[in-house]
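Colleague: mind folding the following:
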Amino acid sequence: MPEVSARLDESLQELLKEMAAEGEPEGQRPSLLKSESVQAALEAMIRLLDANAGACQVTHLSLARVLRATFSPGDLFPVR
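Modeller: Residues are numbered from 1 along each chain as shown. A predicted model of the protein is given here:
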């Protein structure tokens with residue numbers, strides 16, 4: 001499963017890069033994140049984990065990529 005790990009790492013790096021605060025050096029993992037971006041990602045995760053939601057869609061694009069990379073190896077709902 002090295003390709004799964006690589007995809008997950010790549011999607012997490014993209015998410016962190018998108019959320020990086022101004023002035024953070026490029027090419028490194030940021031130590032500071034923009035609060036607006038963090039709040040948007042957390043709101044998307046809360047909607048995703050909401051037990052009362054019949055179906056949910058993650059509208060935060062980078063978070064959706066992370067979740068797709070995380071859950072795609074499980075093939076929970078394979079295409080028929």
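Colleague: go through the protein and flag its longest helix.
Modeller: helix 2-19 (DSSP state H).
Colleague: which SS class is residue 48?
Modeller: helix (DSSP: H, G, I helix; E, B strand; the rest coil).
Colleague: what's the burial count for it?
Modeller: For residue 48, the count of nearby residues is 15 (other C-beta atoms under 10 Å). All C-beta atoms are positioned from the backbone trio N, CA, C, and that covers glycine.
Colleague: burial of residue 11, as a residue count?
Modeller: Counted with other C-beta under 10 Å, residue 11 comes out at 19.
Colleague: now the nearest residue in space to residue 70 that is not next to it in sequence: how far from residue 15?
Modeller: Once flanking residues are discounted, residue 70 sits nearest to residue 8: 6.0 Å by C-beta to C-beta, 6 or more residues apart in numbering. Distance of residue 8 to residue 15, given as C-beta to C-beta, to the nearest Å: 11 Å.
Colleague: overlap of the contact sets of those two?
Modeller: residue 66 (C-beta atoms under 8 Å, 6 or more residues apart in numbering).
Colleague: picking up where we left off before, show me what the longest helix of the chain packs onto, helices and strands only.
Modeller: Using 3 or more C-beta pairs under 8 Å, 6 or more residues apart in numbering; DSSP states H and E as the contact test, the elements touching helix 2-19 are helix 35-49, helix 61-71.
Colleague: all good on my end, thank you.
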